[in-house]
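Asks: With the sequence up front, the predicted model follows.
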Amino acid sequence: MGRIWPYAWAFAIMCIIYTICKVLGLEWAAERAWLEVILFDVVAVLIITSFFMRKKIVALYETIKKKLS
């Protein structure tokens, strides 16, 4: 699972840069819909939040796994 974080961070940073380009009015970004930009930002926030809460998520997963077995 640890190998995915660099790619997830790269994607999240790309989403934030995409939003900045849309706000600044770059031609290729200005043609895109705002809904697309907002969805990319939501995904970026989820990735960043999961990164900082990854230890709690793993602990919760282990707890559920122990209860089910």
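Replies: Structure's in. What do you need?
Asks: all contacts plus neighbour counts: C-alpha atoms, from now on.
Replies: OK.
Asks: give me the low-pLDDT residue ranges for this structure?
Replies: 1-2 (pLDDT under 70).
Asks: What ranges does it have for its helices?
Replies: For the chain, the helices defined by DSSP state H occupy 5-24, 27-30, 34-52, 54-68.
Asks: List the buried residues of the last one.
Replies: Of the residues in helix 54-68, none has enough neighbours to count as buried (16 or more other CA atoms under 10 Å).
Asks: go on, the second one?
Replies: Judged by neighbour count using 16+ other CA under 10 Å, the buried positions of helix 27-30 are residue 29.
Asks: Same question for the first one.
Replies: Taking 16+ other CA under 10 Å as the basis for neighbour counts, the residues of helix 5-24 that come out buried are 11, 12, 15, 16, 18, 19, 22.
Asks: Double-check the first one against residue 44; I have them as touching.
Replies: Yes. Taking CA atoms under 8 Å as the contact criterion, residue 11 and residue 44 are neighbours in contact, 7.3 Å apart.
Asks: Quick one: the buried residues of helix 5-24 as TSV, columns for distance to residue 58 too.
Replies: Listed next are these as TSV, based on distance: CA to CA, whole Å:
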residue	distance to residue 58
11	22
12	21
15	26
16	27
18	31
19	31
22	36
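Asks: and the two most separated of the residues you listed?
Replies: Distance extremes for the buried residues of helix 5-24: the farthest pair is 11 and 22 at 16.4 Å, using CA to CA.
Asks: Let me know the closest of the buried residues of helix 5-24 to residue 56.
Replies: Nearest to residue 56 among these, with distances taken as CA to CA, is residue 12, at 20.6 Å.
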